[in-house]
Each structure stands twice: as C-alpha cells, then as structure tokens.
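Engineer: Sequence first, then the predicted structure:
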Amino acid sequence: MSKIIEPVGDKVLIELEKGHGKTHSGLYLPQGIQEKDMAQLGRIIKVGPGYPVPDPGSIEQEPWSKTSKHKYFPLQVKEGDQCIFLKSQGVDINFEGKNYIVVPQSAILILLRNS
C-alpha cells in the first residue's frame with residue numbers, strides 16, 4: 001500500500017535544491033547567509049489547505065451537532081514554486097528515501113515564479 005504525504009494547515013513541503021546559491025532566474029543568495037545556513041533555496045512540492053476559518057453559520061448550531069464543513073483561507077504559495085525560506089523554522093523529514101523540509105508559510109521569504 002503506497003502512502004502520500006499531505007501537509008496540514010499552513011505548512012508547506014519543500015524539496016531542497018542543490019546549487020551554489022543561485023536560482024534558475026539568476027538571483028543569488030548572499031555568501032554570509034549561505035555560510036550561516038540561514039536561508040535555503042527549494043521547490044515547493046505540496047501545500048497544506050491553508051489557515052482554518054470558523055464557519056459563522058456554525059455559531060447558531062448546537063455544539064453537539066457538528067455538521068459544518070471546515071473552511072480554509074488559502075495560502076499564497078503554490079506547488080511548483082521555487083522559494084527562498086528560513087531553514088531555522090523548518091523540520092527536516094525523510095519520506096521514501098527523499099529529504100524534504102516542512103515549514104510554515106510565514107518562513108518563506110521570496111517566491112520565484114515564471115511570468
């Protein structure tokens with residue numbers, strides 16, 4: 001049985017990109033930041049559903065009748081985006097032999113997208 005990985009809430013699954021601190025678009029990470037390993041370059045693989053938002057209609061319902069569906073405020077990041085993020089706010093994981101890092105969206109500093 002194969003398993004899939006799904007981030008929850010505002011979490012983002014990122015695959016680290018190897019390189020010399022230069023993005024495909026030509027943006028360089030400063031040498032000091034690379035040495036301290038503060039910021040890292042990666043590609044977004046999976047995105048959580050977003051920030052949970054309470055359903056205003058559920059306020060009128062009795063607490064024992066949980067029929068309302070969860071609603072989420074979507075994230076700005078998208079799968080496939082290249083990003084620069086703060087590594088110190090992430091958690092390293094290994095899934096099916098690949099190394100990833102999970103960070104909250106707030107740890108992402110810059111998104112690099114094709115125009």
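Structural biologist: It's in. Numbering: from 1, shown residues only.

Engineer: From here on, just use CA atoms for contacts and neighbour counts.
Structural biologist: OK.

Engineer: my guess is residue 6 meets residue 14, correct?
Structural biologist: No - here residue 6 does not reach residue 14: they are 11.9 Å apart, not a contact under C-alpha atoms under 8 Å.

Engineer: got the contact list for residue 100?
Structural biologist: 13, 14, 15, 16, 92, 93, 94 (C-alpha atoms under 8 Å, 6 or more residues apart in numbering).

Engineer: cool, residue 94 as well?
Structural biologist: So residue 94 contacts residue 100 (C-alpha under 8 Å, 6+ apart).

Engineer: Report the buried residues of whichever strand or helix holds it.
Structural biologist: Using DSSP states H and E, residue 94 maps to strand 91-95. Buried positions in strand 91-95, judged by neighbour count with 16 or more other C-alpha atoms under 10 Å: none.

Engineer: Between residue 6 and residue 14, which has more neighbouring residues?
Structural biologist: Using other C-alpha atoms under 10 Å as the criterion, residue 6 and residue 14 rank with residue 14 on top: 26 against 13.
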